[in-house]
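Asker: Let's see this in three dimensions:
(chains A and B)
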Amino acid sequence: MDDLAAMLELCCRTRELQASDLGFDLEFRPHPSAGAIHSVHTLVQREIDEDWMYYDAQAHQLVSLPGTSAVANVARNAADELVPATNASLIALVAEPDKAAAKYKSPGSLIWRDAGVLLGYFSICAEALALSFCPLGITGQPMLGRDLDEQGRLCGVGMALLGRTHLG
Amino acid sequence: MAIHVVGGFYEERCTRPAWSHTFGSGGRAAAAIATYGTEVIFHTYTSPKSQRYLEMVAAAYKLDIQTNSIERAVAFSYLHDLANPHIAHVPPAPSRAAPLQIQQDNVVRFGMLEGNAIVQAQWAVYDPQNQEAPVAFGANGSHAKHLALVLNSWEAQQMAGLPEGDAQTCACKIAQEQHAEVVIIKQGAQGALVWANQRATQVPAYRTQNVWKIGSGDCFVAYFAQAWMEQKLAPTVAADFASRATAYYVDTKGFATPETLETAHYPPISPKNRQLPVVPKKVYLAGPFFHLGQIWLIEQARTLLQSTGLQVISPFHDIGLGTAEDVVPLDIQAIKDCDLVFAAVDGLDPGTIFELGYARSLDKPVVIYSEVQVGTESLKMMQGTGCEIYANFTTAIYATRWRAVES
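Answerer: Here you go, the predicted structure:
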């Protein structure tokens, strides 16, 4: 948990808030985001059979999402097919397009850029913390979109594994 | 020239608004000064756990660090950001860590709970940070050629030995006794009194859209020190700069850079009357008190509003329960007599809604605190009749103070 906390602190934690008329505060985090909106959220499943946990970047807290363990396990199985790493924490990036659409008419490409930047920052921070980080090259759809939110307001924009390498 | 900051690096947790960080006075001041562009060397005590965290903070804010080991870091936990904190892992006096020794040109020193710092400096800014008995800068052998003290009103009265003393009298006495060039006494919405060159000057506080209170005093010290020691600004100018830069922190929870501070605009709070004695403004505290949660909130709001000298008329405390014939005329008269109203409206209690509507019909200012109803249709009438509405408790309390000071 300390490794995960350090990673999220360095990479994602909100450093500053600015009031806006968009219906939510703008946030300044270590990684940039179009319009300081940060419409890509980070989910974590630490171990198989656990629920997804949502990272609240303002409070620096992981918030459990009850009843999501089955959906998270589907995502973990998909990850295992690519990189078997059962002890790693599974990280999912989930976009909320409506949030970006509060400011931008065509937010699609901005969301993908945000997701790419976030994965890049995770990689750099993992290196700094001597952790292993592996982007999986899959979006996580449909298990991060339809399966997580029947109303279709979310979509998966990336998955990755985070762990500590044991040598020897 | 670099500024050396010596102070605590403590865990901080707040339940609402949710906050979990490790900063403490020293860590926060170091980060604030470094973000503003001045080189900082941070001296503190760390536990094995907090050392790891400090290394991250140091990397993020580009601090040089010099640490001494202790077993456990002090931890503060707050229910809300205006509440008195619960403080854990404070060692008893005999087993506190050996003092840190700092001999440098520019030093910011904060009082610490787990140890002490003996400072020899050309320029020093000192905040005693002791809620029980503030200790004089020189009490442990510290010395500075140019010394500035930053105190709150209570600390100033304690240090001066004048429990009822006004700020100017306290500042003058402390400056003489402690050979301080500058004494600053923070006074909340009234701003701060700056005692320098044998005279007192008042600098304003600045109004912000949000209020985040944890660490605001640390930031004031940091920004004053940066302006006074590094920029060599006059004490009053430096204190005004500190007040504005602290407003940035209070508003955003972030640390200002020269660029962000340039573009941030916070209006000064202009008290209508600085003459003493000031007749306290009367605040009518509207809100339901039918179960413990509601009573607890009323109690908190009353205490916090009173703490800055406002006179609070609380139906629960000052009128009590009774029949409509008994209490309603008294409630109505109290609303007529008050200067403004603070209303807790979550739950949309009919009595509370009536009270604030009645107050608005008399053109009394109304500040509303509501976490649940903000953004819903329920508050449309309040919004349309000029009530100030806040979802954050601390911001609502401060907005009430500011409104009272300016009315």
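Asker: Can you name the residue of chain A nearest chain B?
Answerer: residue A:16 (2.6 Å; C-beta to the nearest C-beta). Yep, even glycine has a C-beta here, placed from its N, CA and C like the rest.
Asker: That residue bridge partners, please.
Answerer: Under the criterion DSSP bridges, residue A:16 forms beta bridges with residue A:28.
Asker: quick one: low-confidence ranges for chain A?
Answerer: Scanning chain A with the threshold set as pLDDT under 70 gives A:166-168.
Asker: near chain B, which residues of it?
Answerer: With C-beta under 8 Å from any C-beta of the partner chain as the criterion, chain A meets chain B at residues A:2, A:6, A:9-10, A:14-19, A:28, A:30, A:56, A:58-61, A:128.
Asker: Among those residues, name the buried ones.
Answerer: By neighbour count, with 16 or more other C-beta atoms under 10 Å in any protein chain shown, the residues of chain A next to chain B hold A:6, A:9-10, A:14, A:16-18, A:28, A:30, A:56, A:59-61 as buried.
Asker: Which pair of the residues you listed spans the longest distance?
Answerer: Greatest spacing in these, by C-beta to C-beta: A:6 and A:18 (25.9 Å).
Asker: Tell me, how many residues neighbour the closest residue to chain A within the stretch 201-350 of chain B?
Answerer: In the stretch 201-350 of chain B, the residue that lies nearest chain A is residue B:254 (2.6 Å; C-beta to the nearest C-beta). Number of residues near residue B:254 (other C-beta atoms under 10 Å in any protein chain shown) recorded here: 20.
Asker: With residue B:291 instead?
Answerer: Residue B:291 has 9 nearby residues by other C-beta under 10 Å.
Asker: May I ask you to name the longest strand in chain A?
Answerer: Identified as the longest strand of chain A according to DSSP state E is strand A:155-163.
Asker: In contact with the residue sitting nearest the centre point of chain A, which residues?
Answerer: Nearest to the geometric centre of chain A sits residue A:42, at 2.2 Å (C-alpha atoms, centre = their mean). Counting by C-beta atoms under 8 Å, 6 or more residues apart in numbering or on different chains, residue A:42 makes contact with A:8, A:12, A:54, A:55, A:57, A:91, A:92, A:93, A:94, A:118.
Asker: which ones among those are found in strands?
Answerer: Among the contacts of residue A:42, the members falling in strands (DSSP E) are A:54, A:55, A:91, A:92, A:93, A:94.
Asker: still on that earlier bit, where does the residue nearest to the centre of chain A land in three-state SS?
Answerer: Recorded secondary structure, residue A:42: strand (DSSP: H, G, I helix; E, B strand; the rest coil).
Asker: Next: residue B:396.
Answerer: Per three-state DSSP, residue B:396 ends up helix.
Asker: Tell me how far it lies from residue B:364.
Answerer: Distance of residue B:396 to residue B:364, computed by C-beta to C-beta, to the nearest Å: 16 Å.
Asker: Comparing the two, which shows the higher neighbour count?
Answerer: Per other C-beta under 10 Å, whichever of residue B:396 and residue B:364 has more neighbours is residue B:396, with 23 against 17.
Asker: Residue B:150 should be in a strand, yeah?
Answerer: Yes - using three-state DSSP, the assignment for residue B:150 is a strand.
Asker: Is it in contact with residue B:127, as I believe?
Answerer: Yes - assessed by C-beta atoms under 8 Å, residue B:150 is found in contact with residue B:127 at 4.8 Å.
Asker: any residues in contact with both of these two?
Answerer: Residues touching both residue B:150 and residue B:127 by C-beta under 8 Å, 6+ apart: B:217, B:221.
Asker: Surely residue B:186 and residue B:153 touch.
Answerer: Yes - Residue B:186 is within contact range of residue B:153, at 7.2 Å (criterion: C-beta under 8 Å).
Asker: and the longest helix along chain B, which residues are buried?
Answerer: Longest helix of chain B, by residue count under DSSP state H: helix B:235-252. Neighbour counts using 16+ other C-beta under 10 Å place B:235-236, B:238-252 of helix B:235-252 among the buried residues.
Asker: Residue B:186 and residue B:153: which has the busier surroundings?
Answerer: residue B:186 (26 against 20).
Asker: Just read off the phi/psi values of that one.
Answerer: Main-chain dihedrals, residue B:186, degrees, to the nearest 10: phi -80, psi 140.
Asker: what do you get for residue A:150?
Answerer: The phi/psi pair for residue A:150 (degrees, to the nearest 10) is phi -60, psi -20.
Asker: If anything else comes up later, I'll come back, but that's it for now.
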